[in-house]
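>>> Sequence below, structure please.
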Amino acid sequence: MDLTRFTRKIALTLFLAMSFGSAALIAAGTVNPIVGADLSGTPAWAGAPGSLLTLGTALAALALGLLMERVGRRWGMVSGLALGLIGSGISGHRPLILSVSGGHCSHRGRSGSLTAGEIRCCGCLSA
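This is a model prediction of the structure:
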C-alpha cells in the first residue's frame, strides 16, 4: 500500500472520529441541563447532570493517572478503554438500568420496564 494513501486514510479517519466526538460533546452539553430540569421537576437541578459528568471525569482521570503510574501507559489505556466499554454496555442496556433505578411500573395501565420519561409521566418517580 502506498504510504501517502495510507496517511490520508488515517488522517480522514481521525478527522471523522474527532468531528463526531466534538458533536457528541456539544450535544451532551446542550441536552444535559434540559434533562436535569425535566427529570427533577425543577430548574434548580438543571446543572446537576453536567456537574456530575465533570466530577466523574475528574475522578476517573485521577484514578487512571495513578493506575498508569503503576502499570504503565499501555495497560492504563487498555484498562480505561475496557472500563469505558463496560460502562457503555451497562448504560445502553435499558432493562438493567431501569430495574436498578426502580423503573418497574404498573400505573395507568402500563407495566414492565419504562424509559425515564415514561417513569416520570406515570408518577413512579417522585420529583
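
>>> Where do the domain boundaries of this protein fall?
The record's domain split for the chain, according to automatic domain parsing, is 49-92, 93-127.

>>> And these, which one averages the lowest pLDDT?
Mean pLDDT per stretch puts domain 93-127 lowest among the domains of the chain, at a mean of 49.

>>> for the helix or strand encompassing Thr57, which positions count as buried?
Using DSSP states H and E, Thr57 sits in helix 48-71. By neighbour count with 16 or more other C-beta atoms under 10 Å, helix 48-71 contains the buried residues Ala48, Pro49, Gly50, Leu67, Met68. The way it works is simple: take the backbone N, C-alpha and C, and place the C-beta from them, glycine included.

>>> Next, the angle from the following helix or strand past that helix to helix 48-71.
Note on helix 48-71: by DSSP H and E, the next helix or strand toward the C-terminus is helix 73-92. For helix 73-92 against helix 48-71, the angle by axes from the mean of the first three to the mean of the last three C-alpha atoms, to 10 degrees is 150 degrees.

>>> Find out how far helix 73-92 is from the centre of the chain, if you would.
12 Å (C-alpha atoms, centre = their mean, to the nearest Å).

>>> now swap in stretch 53-62 and tell me
Put simply, stretch 53-62 sits 12 Å off its chain's centre (C-alpha atoms, centre = their mean).

>>> Could you list every helix and strand in contact with the longest helix seen in the chain?
As assigned by DSSP state H, the longest helix anywhere in the chain is helix 3-40. Packing contacts for helix 3-40, counted by 3 or more C-beta pairs under 8 Å, 6 or more residues apart in numbering; DSSP states H and E, involve helix 48-71, helix 116-122.
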